[in-house]
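> Return a 3D structure for these sequence lines:
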Amino acid sequence: MSDRTPFARIALGAVAGLTLGYTAVRVRDMLADQAEPAPAKPRDAKHYGEARRALLVAGHLRSAAAVATWAFGLSDVFERSLSRLPVPLRLPVFVGLLTALEAAREWPIEYVEEYQLERIFGNSERTAGAWAGDRLKGAAIGGVVGMVLAGIGGAIMRRAPKRWPWIAIAGMPGLLAFANVIAPTFIMPLFNKYIPLEGPLEARIRELAARYGVGGATILRFDMSRQTKKANAFVTGVFGTERIAIADTLLDEFPEDETLFVVAHELGHYVMRDPWVSIALATALTALPLLLGNVVVRRTTGRDPGDVSTGMRLGFYLMVGQLAAIPVANAFSRAIERRADRFAVEATGNPAGGARAFRRLRDQNLAEDEGPRWSEVLFSSHPSLGSRIAALENASATRSR
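Below you'll find the predicted structure:
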């Protein structure tokens, strides 16, 4: 670090200290919980929402600090230690090591902020072992995927040092579409059991989907109850792998007409081609940070990204750009969700059932009707439940006149 200014060294030391200090606090909290599990808290949506918001803000800050520590400090050390490896292997090996080390450092943080928090607020009854198993699988998958992408990306950077950002941007839609095929087919079944939905409700959903030309959609039930008491449904996949997945916690706890409305909302995403909209948006919001980050790396290091240290610096600038783009992405997402609500109203003709379903979701998921406006603008991918329920009640009143 001798080539850095005193201010840069102080700043790097500060962010590294923040990273290690936050981790140390969570190690203490985890060990205390394992020695004597923290007592349950009342199922209060306001207090739960406040806790989640505080952790969300802290999470963005600590993630930025951790990436900055690697980008401007530790990556130089690892680059020297990996110098004996063939050039094509250095970046993938570094990504593998980075994934393993960060998974270990994040372990106590996620234990407290995911597993413990959900348990004490009564949202989950899963064991620490089940949580750990899912987390290990996620880290392993992320590490393998990261190493493969690092190897491909590094090769492109070295062979086309001036053109590689444009190559990456052009290839991103295809890569994201490929991920949307692989994830529902091979990755998601590693964490939950997905089985075809059967019975009268499946027939109603199939009939509804057929009216919009998508009667061939795969409709699945999955065991979300192994992770949480919350209820959910979602649509995923492209190129014929599109699936409407409905949690058992939704199917078992909601009346059929409410479940049908929630599924119609997800069907709206399918009919409106929202997975493709998401791919296009992700590509657009990644392109500018990637191009600007590449310029900054070249000007500050005199090198094109492609090795460990410059690649990690690029990763930092890309992360900063994507954090800045979160409000834009979420604004698009909220608009898409409202459109899917309107689709469900037209598809089912039952806005009153939709309002009941959202109230039940609110209670089961321990969600607030309205959170702070700043939180919705900055961090929320969905409109507030209060506003969605009000819109459905208005639609119901209009139809009853």
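> ok, Arg359 touching Ile389?
Yes. The criterion here is Cβ atoms under 8 Å, and Arg359 meets it with Ile389 at 6.3 Å. Quick note: C-beta positions are derived from backbone N, CA and C, even for glycine.
> Please identify which of those two sits among more neighbours.
More neighbours surround Ile389 than the other of Arg359 and Ile389, with 19 against 15 (other Cβ atoms under 10 Å).
> Which helix or strand contains the more buried one?
helix 385-400 (DSSP states H and E).
> Show me what that helix is in contact with.
Contact with helix 385-400 is made by 337-338, 341, 345, 349, 351-352, 354-355, 358-359, 361-362, 367-370, 382, as judged by Cβ atoms under 8 Å, 6 or more residues apart in numbering.
> Now do the helices in the stretch 251-400 of the chain.
For the stretch 251-400 of the chain, the helices defined by DSSP state H, counting those that start in this stretch cover 256-271, 274-301, 308-348, 351-364, 373-379, 385-400.
> Using PyMOL, define a selection of the buried residues within the contacts of helix 385-400.
Restricted to buried positions by 16 or more other Cβ atoms under 10 Å, the PyMOL selection for those reads:
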select buried, resi 337+341+345+351+352+354+355+358+361+362+367+368+369+382
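> Doesn't Leu220 belong to a strand?
Yes. Counting by DSSP: H, G, I helix; E, B strand; the rest coil, Leu220 is located in a strand.
> What's the separation between it and Gly138?
From Leu220 across to Gly138, the span is 21 Å (Cβ to Cβ, to the nearest Å).
> neighbour-wise, which of these two wins?
Of the pair Leu220 and Gly138, Leu220 is the one with more neighbours under other Cβ under 10 Å, namely 20 against 15.
> Pretty sure that one sits against Glu242.
No. Between Leu220 and Glu242 there is no contact under Cβ under 8 Å: 11.0 Å.
> Just give me the neighbour total for Gln34.
11.
> Need the nearest residue in space to it, chain neighbours excluded.
Once flanking residues are discounted, Gln34 sits nearest to Ala128: 7.7 Å by Cβ to Cβ, 6 or more residues apart in numbering.
> again, but for Ala282
In space, and not counting its chain neighbours, Ala282 is closest to Leu176: 6.1 Å by Cβ to Cβ, 6+ apart.
> Which strands or helices does the helix or strand hosting Val27 pack on?
Under the criterion of DSSP H and E, Val27 resides in helix 6-35. Helices and strands touching helix 6-35, by 3 or more Cβ pairs under 8 Å, 6 or more residues apart in numbering; DSSP states H and E, are helix 45-69, helix 87-110.
> could I get those as JSON lines with mean neighbour count, distance to Pro305 and mean pLDDT?
Compiled in JSON lines, these are given as follows (neighbours: other Cβ atoms under 10 Å; distance: least, Cβ to Cβ, whole Å; pLDDT from 0 to 100):
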{"stretch": "helix 45-69", "mean neighbour count": "17", "distance to Pro305": "15", "mean pLDDT": "95"}
{"stretch": "helix 87-110", "mean neighbour count": "18", "distance to Pro305": "9", "mean pLDDT": "95"}
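> Quick check: the gap between Leu201 and Asp248.
Counting by Cβ to Cβ, the gap from Leu201 to Asp248 is 13 Å.
> what does Asp29 give?
From Asp29 to Asp248 the distance is 31 Å (Cβ to Cβ).
> quick one: the closest residue to Lys229 other than its chain neighbours and Ala245, what's the gap?
Leaving out its chain neighbours, the residue that sits closest to Lys229 by Cβ to Cβ, 6+ apart is Asn123, at 5.5 Å. For Asn123, the distance to Ala245 equals 20 Å [Cβ to Cβ].
> Same question for Gly315.
Using Cβ to Cβ, Gly315 is found at 31 Å from Ala245.
> More neighbours: these two, which one.
Using other Cβ under 10 Å, the more surrounded residue of Gly315 and Ala245 is Ala245, with 23 against 20.
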